[in-house]
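Asker: Predicted model follows, preceded by the sequence.
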Amino acid sequence: MGRLVRKFGATAVLGWLVWFAVQTPVQARVADRVTVTHRRSASRQARASHRTRSRHGSFGSRRHRRHAGTHAKRVCAHTRYGCVGHKPTYYDQFVRVIRHPLRGYDRACIKRLRRARVKFRILTRVKGVRTPIEVLSKRIGGVNYIKHWSNKRRFILDCHTVEVLDVAGRAIRRAGVASIYYSSTWRYTYLGGTHRFSQHAFGRAMDIPAIDGAFGYATTIHHYERGIVGCGAKNHTSKGAAWRKFCCALKLNHYFNRILTPDTNRDHHDHLHIEGPSRSVHLAERPRRLRAVEGRRRHSVRGRAHGRGMHRRPAHGRGMHRRPAHRTRSSR
Ligand SMILES: [Zn+2]
């Protein structure tokens, strides 16, 4: 302050302080009015909030800064879209990894996923998601999950969604799809143009801009054939058919309740959106492979208990009868 007085003179500094004290609340009130009256118009609203922010962002009393903060939140929070000139609120920075599930988490789901040998980390402070996990496996249910080039965020989903993806893996592979390129998974945002939350906010949705398989690399934007229904029989190209088969694999088996394609609306012209993993689909409590191994072990123990050696078992009628059954089970 002393330096300012020496540089500009006492009158100038005093005048500036008075102007600052008077002017700032007036501006705040004006900005508020602008924000309130034009709340319906998205662009004006964004501009207003931007103005509020720029006025109180760099200077102004603490009270006003807080005031501006709440306004900015009311206008533009939680959404990255339709908010021109406004920095999005990223919740990724709050995400933390934890070792054990917290109260309220779906522990059974985590257990089943671990048994299915899916690699993941349990997370906390993931807004909106009941049992947030970050998937580390490259393959889920035998299908490769590859991060799309446009995706800069972590692979965070609700545990149950990953579980359903794992179960659906078989059907997806049967549809001829080897890899899925995913873009958006968890993001805490509204549906475009509304104040309702997107399923992405709950970790129950995923965006798929591309798939690959024997048909090659198929993107939604270039290879999805619009206006053609069915499961690939009516398509003109193999890639278009692959997209339809993929949709059918997820939808007709009731793995996901809703699939939005380029046919649905313009927002989905460049990706497929799958959401709402079926509540009734769960992984087996004990995977088949493990069950088979345990069964074999139990069998051998019982064999010994009856005084039979391991080498004698194949000769036994019951043992011979049983063996092929084990083999088919474990080969799955
Ligand atoms: Zn989506």
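Answerer: On my side now, so go ahead. What you are looking at is a predicted structure, and each value in this text was computed from that prediction instead of being measured.

Asker: For the residue of the chain found nearest the ion, list the residues it contacts.
Answerer: In the chain, the residue that lies nearest the ion is residue 273 (3.6 Å; Cβ to the ion). C-betas here are computed from N, CA, C, even on glycine. Shown in contact with residue 273 (Cβ atoms under 8 Å, 6 or more residues apart in numbering): 205, 206, 207, 208, 258, 259, 260.

Asker: can you rerun that using 10 Å?
Answerer: 183-184, 198-200, 205-208, 220, 256, 258-261, 264-265, 267 (Cβ atoms under 10 Å, 6 or more residues apart in numbering).

Asker: before we move on, what about residue 203?
Answerer: By Cβ under 10 Å, 6+ apart, residue 203 lies in contact with 123, 126-133, 156-162, 185-188, 277.

Asker: just to revisit the earlier point, restrict the contacts of residue 273 to contacts with the ion.
Answerer: Taking Cβ under 5 Å from the ion as the test, the ion is in contact with residue 207 out of the contacts of residue 273.

Asker: Just the contacts of residue 273: which are in helices?
Answerer: residue 220 (DSSP state H).

Asker: so the residue of the chain closest to the ion, which of the three states?
Answerer: Following DSSP: H, G, I helix; E, B strand; the rest coil, residue 273 is assigned to strand.

Asker: change the start of the numbering to 351 and stick with it
Answerer: Got it, first residue is 351 now, which makes that one residue 623.

Asker: So which residues of the protein form helices?
Answerer: 352-358, 360-387, 392-407, 412-426, 457-465, 509-524, 570-573, 588-601, 638-655, 667-681.

Asker: For those helices, which has the smallest mean pLDDT value?
Answerer: Confidence, taken as mean pLDDT, is least for helix 667-681 of the helices of the chain (a mean of 42).

Asker: what's around the closest residue to residue 518 other than its chain neighbours, how many residues?
Answerer: Nearest residue to residue 518 in three dimensions, chain neighbours excluded: residue 605, at 4.2 Å (Cβ to Cβ, 6 or more residues apart in numbering). Per other Cβ atoms under 10 Å, the neighbour tally for residue 605 reads 21.

Asker: Kindly report the same for the one 3 residues further on.
Answerer: The tally of other residues near residue 608 (other Cβ under 10 Å) stands at 14.

Asker: Around the ion, which positions in the stretch 501-650 of the chain sit nearby?
Answerer: Residues of the stretch 501-650 of the chain lying near the ion (Cβ under 5 Å from the ion): 557, 623.
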